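J.: Here you go, sequence then predicted model.
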Amino acid sequence: MRINLNEVVNMAIVKTTYKFRAYPSKEQKAILNLQMYLCKELYNHLLEKAKQHFKDNGKTFTRYDMIKWITKFKKEHPEYNDVYSQVLQNVPDRLSKAYKNFFRRAKEKRNGKRQKVGFPRFRKFVSSLTYPQSGFRTERKRVELSKIGRINFVNHRKIEGRIKTLSIKKTKSDEWYVTISAEKEDIFPFTNGKQPVGIDLGIANYATLSDGKVFQNAEISGLQRKSLKRLQQRISRKKKGSANRKRAIRRFAKYSEHVSRIREDRLHKISHNLVNSYSFIAYEELKVANMVKNHHLAKSISESSWGNFAQMLQYKAESAGCVALGVNPNNTSKTCSGCGNIQEMPLSERTFGCQRCAMSMDRDLNAAKNILKRATEGHSGSHASGDIVRPSHMKADAAESGTILGASR
Ligand SMILES: [Zn+2]
(Lines give C-alpha, C1' and ligand atoms only; values in the text may rest on other atoms or scores of the structure.)
Protein backbone atom coordinates (compact mmCIF):
# COMPACT_ATOMS: atom_id res chain seq x y z
CA MET A 1 0.00 0.00 0.00
CA ARG A 2 1.24 3.48 -0.87
CA ILE A 3 0.35 6.58 1.05
CA ASN A 4 -1.43 9.29 -0.83
CA LEU A 5 -0.94 12.40 1.22
CA ASN A 6 -4.23 13.83 -0.03
CA GLU A 7 -6.12 11.00 1.58
CA VAL A 8 -6.53 11.78 5.18
CA VAL A 9 -6.98 8.40 6.76
CA ASN A 10 -5.13 5.14 6.75
CA MET A 11 -6.29 1.96 8.43
CA ALA A 12 -3.94 -0.56 9.94
CA ILE A 13 -3.54 -3.09 12.68
CA VAL A 14 -1.13 -1.65 15.15
CA LYS A 15 0.95 -3.97 17.27
CA THR A 16 2.60 -2.40 20.23
CA THR A 17 4.95 -3.90 22.75
CA TYR A 18 4.93 -2.46 26.22
CA LYS A 19 7.80 -3.01 28.59
CA PHE A 20 7.51 -2.62 32.33
CA ARG A 21 10.03 -3.06 35.11
CA ALA A 22 8.97 -5.86 37.47
CA TYR A 23 9.96 -6.59 41.04
CA PRO A 24 9.38 -10.24 41.92
CA SER A 25 9.94 -11.20 45.55
CA LYS A 26 12.76 -13.52 46.54
CA GLU A 27 10.39 -16.49 46.59
CA GLN A 28 8.92 -15.53 43.22
CA LYS A 29 12.40 -15.20 41.72
CA ALA A 30 13.16 -18.72 42.91
CA ILE A 31 9.99 -20.01 41.24
CA LEU A 32 10.71 -18.09 38.03
CA ASN A 33 14.29 -19.32 37.90
CA LEU A 34 13.16 -22.90 38.45
CA GLN A 35 10.54 -22.62 35.69
CA MET A 36 13.08 -21.11 33.29
CA TYR A 37 15.41 -23.97 34.11
CA LEU A 38 12.62 -26.48 33.39
CA CYS A 39 11.82 -24.74 30.10
CA LYS A 40 15.48 -24.87 29.13
CA GLU A 41 15.60 -28.59 29.90
CA LEU A 42 12.40 -29.15 27.94
CA TYR A 43 13.79 -27.17 25.00
CA ASN A 44 16.93 -29.29 24.93
CA HIS A 45 14.95 -32.53 25.26
CA LEU A 46 12.77 -31.46 22.34
CA LEU A 47 15.76 -30.56 20.21
CA GLU A 48 17.36 -33.91 20.96
CA LYS A 49 14.08 -35.65 20.12
CA ALA A 50 13.69 -33.67 16.90
CA LYS A 51 17.21 -34.57 15.77
CA GLN A 52 16.64 -38.25 16.55
CA HIS A 53 13.27 -38.20 14.81
CA PHE A 54 14.87 -36.80 11.68
CA LYS A 55 17.65 -39.38 11.80
CA ASP A 56 15.17 -42.26 12.19
CA ASN A 57 12.40 -41.14 9.85
CA GLY A 58 13.92 -38.45 7.65
CA LYS A 59 11.00 -36.30 8.69
CA THR A 60 10.59 -33.08 10.61
CA PHE A 61 9.35 -33.35 14.16
CA THR A 62 6.45 -30.92 13.83
CA ARG A 63 5.07 -28.56 16.44
CA TYR A 64 2.08 -30.88 16.73
CA ASP A 65 4.41 -33.85 17.37
CA MET A 66 6.20 -31.80 19.99
CA ILE A 67 3.04 -30.91 21.88
CA LYS A 68 1.89 -34.54 21.84
CA TRP A 69 5.30 -35.60 23.10
CA ILE A 70 5.21 -33.03 25.92
CA THR A 71 1.97 -34.55 27.26
CA LYS A 72 3.75 -37.88 27.58
CA PHE A 73 6.90 -36.28 28.97
CA LYS A 74 4.90 -34.50 31.69
CA LYS A 75 3.57 -37.83 32.97
CA GLU A 76 7.13 -39.01 33.59
CA HIS A 77 8.24 -35.63 34.97
CA PRO A 78 5.57 -34.43 37.40
CA GLU A 79 7.63 -31.34 38.30
CA TYR A 80 6.43 -29.88 34.99
CA ASN A 81 2.89 -29.72 36.34
CA ASP A 82 4.07 -26.68 38.29
CA VAL A 83 4.60 -24.76 35.05
CA TYR A 84 1.56 -23.24 33.37
CA SER A 85 0.66 -25.41 30.36
CA GLN A 86 0.60 -22.50 27.89
CA VAL A 87 4.09 -21.50 28.98
CA LEU A 88 5.27 -25.02 28.21
CA GLN A 89 3.53 -24.90 24.84
CA ASN A 90 5.52 -21.80 24.01
CA VAL A 91 8.72 -23.87 24.17
CA PRO A 92 7.96 -25.81 20.95
CA ASP A 93 7.10 -22.45 19.38
CA ARG A 94 10.57 -21.20 20.18
CA LEU A 95 12.18 -24.33 18.82
CA SER A 96 10.03 -24.25 15.67
CA LYS A 97 11.13 -20.69 15.15
CA ALA A 98 14.79 -21.64 15.58
CA TYR A 99 14.26 -24.34 12.93
CA LYS A 100 12.49 -21.93 10.61
CA ASN A 101 15.36 -19.47 10.87
CA PHE A 102 17.81 -22.26 10.23
CA PHE A 103 16.00 -23.29 7.03
CA ARG A 104 15.79 -19.67 5.93
CA ARG A 105 19.53 -19.14 6.43
CA ALA A 106 20.29 -22.39 4.62
CA LYS A 107 18.16 -21.27 1.69
CA GLU A 108 19.86 -17.88 1.61
CA LYS A 109 23.23 -19.58 1.63
CA ARG A 110 22.21 -21.78 -1.30
CA ASN A 111 21.26 -18.58 -3.10
CA GLY A 112 24.77 -17.30 -2.66
CA LYS A 113 24.60 -15.28 0.52
CA ARG A 114 27.77 -15.65 2.57
CA GLN A 115 26.82 -16.58 6.10
CA LYS A 116 26.89 -19.28 8.71
CA VAL A 117 23.81 -21.48 8.64
CA GLY A 118 23.97 -22.48 12.31
CA PHE A 119 21.82 -25.48 13.22
CA PRO A 120 19.60 -24.88 16.30
CA ARG A 121 21.75 -25.36 19.35
CA PHE A 122 21.20 -26.73 22.83
CA ARG A 123 20.62 -23.88 25.22
CA LYS A 124 22.65 -23.15 28.30
CA PHE A 125 19.87 -21.08 29.81
CA VAL A 126 16.45 -19.65 29.12
CA SER A 127 15.89 -16.18 30.55
CA SER A 128 12.23 -15.61 29.83
CA LEU A 129 8.82 -17.23 30.14
CA THR A 130 6.04 -16.46 27.67
CA TYR A 131 2.32 -16.71 28.23
CA PRO A 132 0.99 -16.89 24.65
CA GLN A 133 -2.73 -16.46 25.27
CA SER A 134 -3.92 -16.84 28.78
CA GLY A 135 -2.84 -17.40 32.34
CA PHE A 136 -2.13 -13.78 33.19
CA ARG A 137 -3.97 -10.73 34.38
CA THR A 138 -2.70 -7.19 34.83
CA GLU A 139 -3.76 -5.05 37.74
CA ARG A 140 -2.79 -1.52 38.61
CA LYS A 141 0.49 -2.34 40.30
CA ARG A 142 0.69 -6.08 39.95
CA VAL A 143 0.63 -8.69 37.29
CA GLU A 144 -0.83 -12.05 38.15
CA LEU A 145 0.84 -15.01 36.49
CA SER A 146 -0.69 -18.43 36.72
CA LYS A 147 1.46 -20.86 38.76
CA ILE A 148 3.76 -18.02 39.83
CA GLY A 149 1.71 -15.44 41.69
CA ARG A 150 1.12 -11.71 41.81
CA ILE A 151 4.28 -9.82 40.93
CA ASN A 152 4.84 -6.14 41.60
CA PHE A 153 5.45 -4.12 38.49
CA VAL A 154 5.55 -0.51 37.42
CA ASN A 155 2.54 -0.09 35.18
CA HIS A 156 3.38 3.31 33.73
CA ARG A 157 1.63 3.15 30.40
CA LYS A 158 -1.95 2.35 29.54
CA ILE A 159 -2.22 -0.80 27.45
CA GLU A 160 -4.43 -0.27 24.44
CA GLY A 161 -6.04 -3.00 22.37
CA ARG A 162 -6.20 -6.75 22.83
CA ILE A 163 -3.31 -8.27 24.76
CA LYS A 164 -1.75 -11.04 22.68
CA THR A 165 1.18 -12.27 24.73
CA LEU A 166 2.94 -11.59 27.98
CA SER A 167 6.56 -12.42 28.77
CA ILE A 168 8.57 -12.09 31.90
CA LYS A 169 12.32 -11.95 31.50
CA LYS A 170 15.41 -11.24 33.47
CA THR A 171 18.50 -9.42 32.33
CA LYS A 172 22.06 -10.50 32.99
CA SER A 173 22.24 -8.07 35.89
CA ASP A 174 19.16 -9.70 37.49
CA GLU A 175 16.68 -7.00 36.60
CA TRP A 176 13.20 -8.22 35.70
CA TYR A 177 10.86 -6.96 33.02
CA VAL A 178 7.35 -7.78 31.90
CA THR A 179 6.70 -7.22 28.19
CA ILE A 180 3.18 -7.22 26.88
CA SER A 181 2.26 -7.13 23.22
CA ALA A 182 -1.13 -5.82 22.25
CA GLU A 183 -2.92 -5.39 18.97
CA LYS A 184 -5.57 -3.01 17.77
CA GLU A 185 -7.10 -1.81 14.57
CA ASP A 186 -6.77 1.89 14.15
CA ILE A 187 -7.34 4.78 11.87
CA PHE A 188 -4.46 7.19 11.55
CA PRO A 189 -5.53 10.64 10.69
CA PHE A 190 -2.97 13.12 9.47
CA THR A 191 -4.26 15.69 11.87
CA ASN A 192 -1.36 17.85 12.87
CA GLY A 193 -1.13 19.74 9.59
CA LYS A 194 2.67 19.66 9.38
CA GLN A 195 4.99 18.72 6.50
CA PRO A 196 5.96 15.17 5.43
CA VAL A 197 9.57 14.06 5.84
CA GLY A 198 11.88 11.17 4.94
CA ILE A 199 14.57 9.89 7.30
CA ASP A 200 17.83 8.17 6.49
CA LEU A 201 19.28 6.28 9.45
CA GLY A 202 23.05 6.08 9.38
CA ILE A 203 26.25 5.85 11.31
CA ALA A 204 28.08 9.11 10.66
CA ASN A 205 24.81 10.91 11.36
CA TYR A 206 22.18 8.99 13.26
CA ALA A 207 19.22 10.49 11.40
CA THR A 208 19.31 12.73 8.33
CA LEU A 209 16.01 14.28 7.28
CA SER A 210 14.94 15.07 3.74
CA ASP A 211 14.71 18.76 4.66
CA GLY A 212 18.38 18.80 5.66
CA LYS A 213 18.06 18.53 9.46
CA VAL A 214 20.42 16.13 11.19
CA PHE A 215 20.10 14.36 14.55
CA GLN A 216 22.88 12.64 16.45
CA ASN A 217 22.44 9.92 19.01
CA ALA A 218 24.13 10.33 22.38
CA GLU A 219 27.82 9.62 21.91
CA ILE A 220 29.41 6.96 24.01
CA SER A 221 32.07 9.06 25.71
CA GLY A 222 35.73 8.13 25.91
CA LEU A 223 35.32 7.65 29.63
CA GLN A 224 32.37 5.28 29.23
CA ARG A 225 34.19 3.33 26.58
CA LYS A 226 37.21 3.04 28.88
CA SER A 227 35.06 1.93 31.81
CA LEU A 228 33.35 -0.68 29.66
CA LYS A 229 36.70 -2.01 28.55
CA ARG A 230 38.09 -2.03 32.07
CA LEU A 231 35.06 -3.89 33.43
CA GLN A 232 35.34 -6.40 30.62
CA GLN A 233 39.04 -6.98 31.30
CA ARG A 234 38.24 -7.52 34.96
CA ILE A 235 36.05 -10.47 34.02
CA SER A 236 38.82 -12.17 32.11
CA ARG A 237 41.22 -11.81 35.04
CA LYS A 238 38.91 -13.66 37.43
CA LYS A 239 38.91 -17.40 37.75
CA LYS A 240 36.24 -19.18 35.72
CA GLY A 241 33.25 -20.18 37.82
CA SER A 242 34.34 -18.12 40.82
CA ALA A 243 32.04 -15.82 42.78
CA ASN A 244 34.33 -12.90 41.93
CA ARG A 245 33.90 -13.56 38.25
CA LYS A 246 30.15 -13.69 38.58
CA ARG A 247 30.25 -10.34 40.36
CA ALA A 248 32.47 -8.87 37.64
CA ILE A 249 30.09 -10.12 34.95
CA ARG A 250 27.14 -8.56 36.74
CA ARG A 251 28.98 -5.22 37.08
CA PHE A 252 29.80 -5.20 33.40
CA ALA A 253 26.23 -6.05 32.40
CA LYS A 254 24.86 -3.37 34.70
CA TYR A 255 27.17 -0.70 33.32
CA SER A 256 26.50 -1.53 29.67
CA GLU A 257 22.78 -1.43 30.38
CA HIS A 258 23.30 2.01 31.94
CA VAL A 259 25.14 3.26 28.85
CA SER A 260 22.51 1.94 26.46
CA ARG A 261 19.78 3.52 28.56
CA ILE A 262 21.36 6.95 28.04
CA ARG A 263 21.33 6.37 24.31
CA GLU A 264 17.78 5.12 24.42
CA ASP A 265 16.66 8.24 26.29
CA ARG A 266 18.12 10.34 23.51
CA LEU A 267 16.20 8.30 20.91
CA HIS A 268 12.99 8.94 22.84
CA LYS A 269 13.68 12.67 22.63
CA ILE A 270 14.46 12.59 18.90
CA SER A 271 11.39 10.51 18.03
CA HIS A 272 9.20 12.74 20.21
CA ASN A 273 10.51 15.81 18.40
CA LEU A 274 9.94 14.23 14.98
CA VAL A 275 6.34 13.12 15.46
CA ASN A 276 5.47 16.58 16.75
CA SER A 277 7.21 18.40 13.90
CA TYR A 278 5.92 16.44 10.90
CA SER A 279 2.66 14.98 9.64
CA PHE A 280 4.17 12.01 7.90
CA ILE A 281 7.47 10.23 8.46
CA ALA A 282 8.95 7.73 6.00
CA TYR A 283 11.84 5.63 7.21
CA GLU A 284 13.71 2.60 5.90
CA GLU A 285 12.32 -0.79 6.74
CA LEU A 286 15.36 -2.35 8.35
CA LYS A 287 15.66 -6.07 8.47
CA VAL A 288 17.53 -6.49 11.70
CA ALA A 289 17.93 -10.21 11.13
CA ASN A 290 19.55 -9.67 7.75
CA MET A 291 22.06 -7.15 8.94
CA VAL A 292 25.65 -8.06 8.53
CA LYS A 293 27.23 -9.08 11.77
CA ASN A 294 30.36 -7.06 12.24
CA HIS A 295 32.77 -6.12 14.95
CA HIS A 296 32.82 -2.42 14.22
CA LEU A 297 31.50 -1.11 17.52
CA ALA A 298 29.84 2.10 16.32
CA LYS A 299 28.12 0.30 13.48
CA SER A 300 26.79 -2.57 15.51
CA ILE A 301 25.50 -0.22 18.20
CA SER A 302 23.66 1.92 15.63
CA GLU A 303 22.19 -1.09 13.91
CA SER A 304 20.89 -2.54 17.11
CA SER A 305 19.05 0.68 17.90
CA TRP A 306 17.45 1.37 14.52
CA GLY A 307 14.66 -1.16 14.91
CA ASN A 308 13.98 0.23 18.34
CA PHE A 309 13.88 3.76 16.96
CA ALA A 310 11.42 2.79 14.21
CA GLN A 311 9.18 1.28 16.85
CA MET A 312 9.28 4.50 18.90
CA LEU A 313 8.29 6.49 15.81
CA GLN A 314 5.37 4.13 15.21
CA TYR A 315 3.80 4.32 18.59
CA LYS A 316 4.49 7.99 19.21
CA ALA A 317 3.18 9.01 15.78
CA GLU A 318 -0.27 7.83 16.64
CA SER A 319 -0.97 10.15 19.53
CA ALA A 320 0.74 13.06 17.78
CA GLY A 321 -1.57 12.88 14.76
CA CYS A 322 1.29 11.81 12.53
CA VAL A 323 1.86 8.70 10.42
CA ALA A 324 5.16 6.79 10.35
CA LEU A 325 5.71 4.37 7.49
CA GLY A 326 8.55 1.97 6.72
CA VAL A 327 9.60 1.63 3.08
CA ASN A 328 11.79 -0.80 1.18
CA PRO A 329 15.39 0.36 1.71
CA ASN A 330 16.82 -1.05 -1.54
CA ASN A 331 18.96 1.41 -3.49
CA THR A 332 17.92 4.46 -1.51
CA SER A 333 21.60 5.47 -1.34
CA LYS A 334 22.36 4.59 -4.94
CA THR A 335 19.51 6.47 -6.59
CA CYS A 336 19.68 10.10 -7.66
CA SER A 337 16.85 11.96 -5.94
CA GLY A 338 16.91 14.45 -8.81
CA CYS A 339 16.62 12.26 -11.89
CA GLY A 340 16.24 8.69 -10.64
CA ASN A 341 19.53 7.47 -12.10
CA ILE A 342 20.95 4.45 -10.22
CA GLN A 343 24.71 4.25 -9.80
CA GLU A 344 27.23 2.54 -7.49
CA MET A 345 27.84 4.37 -4.22
CA PRO A 346 30.71 2.93 -2.18
CA LEU A 347 30.31 3.56 1.56
CA SER A 348 33.31 5.89 1.56
CA GLU A 349 31.57 8.35 -0.81
CA ARG A 350 29.99 11.02 1.33
CA THR A 351 28.59 13.00 -1.58
CA PHE A 352 26.23 11.77 -4.25
CA GLY A 353 27.44 13.13 -7.58
CA CYS A 354 24.99 12.07 -10.25
CA GLN A 355 26.63 10.80 -13.40
CA ARG A 356 23.56 11.63 -15.46
CA CYS A 357 22.18 14.99 -14.29
CA ALA A 358 25.28 16.19 -12.40
CA MET A 359 23.32 16.84 -9.21
CA SER A 360 25.60 16.93 -6.19
CA MET A 361 24.22 16.32 -2.72
CA ASP A 362 25.18 14.91 0.68
CA ARG A 363 24.85 11.14 0.57
CA ASP A 364 22.44 10.80 3.49
CA LEU A 365 20.31 13.76 2.44
CA ASN A 366 19.93 12.24 -1.02
CA ALA A 367 18.86 8.94 0.58
CA ALA A 368 16.36 10.67 2.87
CA LYS A 369 14.76 12.38 -0.12
CA ASN A 370 14.47 9.03 -1.89
CA ILE A 371 12.86 7.45 1.16
CA LEU A 372 10.19 10.14 1.30
CA LYS A 373 9.58 9.83 -2.44
CA ARG A 374 9.27 6.08 -2.24
CA ALA A 375 6.52 6.31 0.35
CA THR A 376 4.55 9.05 -1.32
CA GLU A 377 5.06 8.79 -5.06
CA GLY A 378 3.98 6.08 -7.45
CA HIS A 379 7.37 4.87 -8.61
CA SER A 380 7.17 1.93 -10.92
CA GLY A 381 9.49 -1.03 -10.58
CA SER A 382 10.03 -3.69 -8.00
CA HIS A 383 11.78 -1.49 -5.47
CA ALA A 384 9.01 1.02 -5.19
CA SER A 385 6.93 -0.61 -2.52
CA GLY A 386 5.77 1.32 0.48
CA ASP A 387 4.23 -1.47 2.48
CA ILE A 388 3.33 -0.80 6.01
CA VAL A 389 5.93 -2.23 8.27
CA ARG A 390 4.78 -3.92 11.38
CA PRO A 391 7.54 -2.96 13.77
CA SER A 392 6.73 -5.92 15.93
CA HIS A 393 8.30 -8.19 13.30
CA MET A 394 11.65 -6.58 13.89
CA LYS A 395 10.93 -6.94 17.51
CA ALA A 396 10.46 -10.66 17.22
CA ASP A 397 13.84 -11.03 15.52
CA ALA A 398 15.52 -8.99 18.15
CA ALA A 399 13.84 -10.75 21.00
CA GLU A 400 15.07 -14.03 19.68
CA SER A 401 18.69 -12.96 19.59
CA GLY A 402 18.31 -12.08 23.23
CA THR A 403 18.44 -8.31 22.90
CA ILE A 404 16.09 -6.34 25.04
CA LEU A 405 14.52 -3.65 22.96
CA GLY A 406 11.63 -1.29 23.19
CA ALA A 407 11.66 0.17 26.66
CA SER A 408 8.53 2.15 26.74
CA ARG A 409 7.34 5.18 28.56
ZN1 LIG B 1 20.60 12.60 -11.42
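T.: Now that the structure is in, tell me what you want to look at. Numbers count the residues shown, from 1 in each chain.

J.: Find the least confident helix or strand in this protein, judged by mean pLDDT.
T.: helix 391-400 (a mean of 31; mean pLDDT, DSSP states H and E).

J.: Which residues of the stretch 301-409 of the chain lie near the ion?
T.: Proximity of the stretch 301-409 of the chain to the ion, by C-beta under 5 Å from the ion, involves residues 336, 338-339, 341, 354, 356-357, 359. Glycine gets a C-beta too; all of them are placed from N, C-alpha and C.

J.: List the buried residues of the helix or strand hosting Phe54.
T.: Phe54 is part of helix 26-57 when elements are defined by DSSP states H and E. The neighbour-count check on helix 26-57 (16 or more other C-beta atoms under 10 Å) flags 28, 31-32, 35-36, 38-47, 49-50, 53 as buried.

J.: Pull the number of nearby residues for Pro78.
T.: Neighbours of Pro78 under the rule other C-beta atoms under 10 Å: 8.

J.: is the residue nearest to Phe215 when sequence neighbours are not counted in a bridge, and if so with what?
T.: Nearest-residue entry for Phe215: Ala207, 4.3 Å, with adjacent residues in sequence omitted and distances by C-beta to C-beta, 6 or more residues apart in numbering. Beta-bridge partners recorded for Ala207 (DSSP bridges): Leu201, Phe215.

J.: Would you mind confirming that Ala207 is in contact with Asp200?
T.: Yes. Counting by C-beta atoms under 8 Å, Asp200 is a contact partner of Ala207 at 7.2 Å.

J.: Between those two, point out the one with more neighbours.
T.: Ranked by neighbour count (other C-beta under 10 Å), Ala207 and Asp200 place Asp200 first, with 27 against 22.

J.: which residues sit in contact with the more buried one?
T.: 207-208, 284, 332-333, 364-365, 367-368, 371 (C-beta atoms under 8 Å, 6 or more residues apart in numbering).

J.: Which of the three states applies to the residue nearest to Phe309 when sequence neighbours are not counted?
T.: Leaving aside its sequence neighbours, Phe309 sits nearest to Leu267 (C-beta to C-beta, 6+ apart; 5.1 Å). Assigned by DSSP: H, G, I helix; E, B strand; the rest coil, the conformation of Leu267 is helix.

J.: Before we move on, what's the pLDDT of Leu267?
T.: pLDDT, Leu267: 91.

J.: how deep is it tucked in, by neighbour count?
T.: For Leu267, the neighbour count with other C-beta under 10 Å is 22.

J.: as a whole number, average confidence for stretch 85-101?
T.: The pLDDT scores in stretch 85-101 average 93.

J.: Stretch 355-373 now?
T.: pLDDT averaged over stretch 355-373 gives 94.

J.: Please apply the same query to stretch 224-236.
T.: On average, stretch 224-236 scores 87.

J.: cool, and stretch 162-170?
T.: 93.

J.: which parts of the helix or strand hosting Ile371 are buried?
T.: Secondary structure assignment for Ile371, by DSSP H and E: helix 363-376. By neighbour count on 16+ other C-beta under 10 Å, the buried set for helix 363-376 is 363-376.

J.: and the gap between Met36 and the ion?
T.: Met36 sits 56 Å away from the ion, going by C-beta to the ion, to the nearest Å.

J.: pretty sure that residue is touching Thr130, no?
T.: No. With contact defined as C-beta under 8 Å, Met36 does not reach Thr130; the gap is 11.0 Å.

J.: burial of Arg105, as a residue count?
T.: 17.

J.: Equivalent analysis for Lys229, please.
T.: By other C-beta under 10 Å, 11 other residues sit near Lys229.

J.: got it, and Gly340?
T.: Residues near Gly340, counting by other C-beta under 10 Å, number 14.

J.: Let me see the backbone angles for it.
T.: phi 90, psi 0 (degrees, to the nearest 10).

J.: hang on, the earlier thing: return the residues in contact with the residue nearest to Phe309.
T.: Applying C-beta under 8 Å, 6+ apart, we find Leu267 in contact with 217, 305, 308-309, 312.

J.: now, which of those sits nearest the ion?
T.: Nearest to the ion out of those is Phe309 (C-beta to the ion; 29.4 Å).

J.: which stretch of helix or strand covers the closest residue to Tyr278 other than its chain neighbours?
T.: Using C-beta to C-beta, 6+ apart and skipping residues adjacent in sequence, the residue nearest Tyr278 is Val197, 4.5 Å away. Element membership for Val197 (DSSP H and E) is strand 195-201.

J.: so how far is that strand from its chain's centroid?
T.: Here the centre of strand 195-201 is set off from its chain's centre by 21 Å, with C-alpha atoms, centre = their mean, to the nearest Å.

J.: quick one: it to helix 363-376, angle?
T.: If you take axes from the mean of the first three to the mean of the last three C-alpha atoms, to 10 degrees, strand 195-201 sits at 130 degrees to helix 363-376.

J.: pLDDT on strand 195-201, on average?
T.: The average of the pLDDT scores along strand 195-201 is 91.

J.: Kindly report the same for stretch 61-72.
T.: Stretch 61-72 comes out at a mean pLDDT of 92.

J.: now swap in stretch 139-157 and tell me
T.: Averaging the model's pLDDT scores along stretch 139-157 yields 91.

J.: how long is that stretch from one end to the other?
T.: Using C-alpha to C-alpha, to the nearest Å, the span of stretch 139-157 from its first residue to its last is 12 Å.

J.: Pull out the buried positions in that stretch.
T.: Under the neighbour-count criterion of 16+ other C-beta under 10 Å, stretch 139-157 has 142-143, 145, 148, 151, 153, 155 buried.

J.: now, the most widely separated pair of those residues?
T.: Ile148 and Asn155 (17.1 Å; C-beta to C-beta).
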